[in-house]
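Engineer: build me a model:
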Amino acid sequence: MKKIVVYWSGTGNTEEIANKIAGDLSCDVVNINSASIDDVLANDLIIFGCPAMGAEELEDTEFRPIYDAIMAEIGDKKVALFGSYGWGDGEWMRNWEAEVGANLVTKGLIVNGGASDIIDSDYQEFIGALNI
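Structural biologist: Below is the predicted model of the structure:
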């Protein structure tokens, strides 16, 4: 199964997590600003990463437009989600999971901080679900 990690990062935390996931899955990683929609859709599993912004929502000027364009053509491709946050309770991830719906492979990975703040059991469950 061909996989790719596609992310947007404002402070670098989500980028750290994206690189860790891509390294552990031995797959490509790309910032959404330099992602080709066709290249992303050439994968069977697309792992999106975006931090919580503002009132617990996805970043809407750089991430959201490209993400929406990819999702409009997603078909039956598998999707996984991850991101970092610094406040709130993860509402942005629950909303995002509901938005993805049936394409979602596993519960999203949320991290309060960067890669060094990942809860190991959550990460192992997330990575395990993506080894398909």
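Engineer: what's the spacing between the spatially closest residue to residue 60 that is not a sequence neighbour and residue 22?
Structural biologist: With CB to CB, 6 or more residues apart in numbering as the measure, residue 53 is the residue that lies nearest to residue 60, at 7.3 Å, once sequence neighbours are left out. Heads up, the C-betas are built off the backbone N, CA and C, glycines and all. From residue 53 over to residue 22 the distance is 22 Å, taken as CB to CB, to the nearest Å.
Engineer: which one's the longest strand in this protein?
Structural biologist: The single longest strand within the chain, with elements called by DSSP state E, is strand 78-85.
Engineer: that one: what's the following helix or strand?
Structural biologist: Later in the chain than strand 78-85, the nearest helix or strand by DSSP states H and E is helix 91-100.
Engineer: list the buried ones in the helix or strand that that following helix is followed by?
Structural biologist: Next helix or strand after helix 91-100 toward the C-terminus (DSSP H and E): strand 109-112. For strand 109-112, a neighbour-count test (16 or more other CB atoms under 10 Å) marks 109, 110, 111 as buried.
Engineer: just list whatever residues bridge to the second one.
Structural biologist: So the one you mean is residue 110. Beta-bridge partners recorded for residue 110 (DSSP bridges): residue 83.
Engineer: does it touch residue 82 like I think?
Structural biologist: Yes. At 7.3 Å, residue 110 counts as touching residue 82 under the criterion of CB atoms under 8 Å.
Engineer: shared neighbours, those two?
Structural biologist: Here residue 110 and residue 82 share no contacting residue, scored by CB atoms under 8 Å, 6 or more residues apart in numbering.
Engineer: sweet, I'm off.
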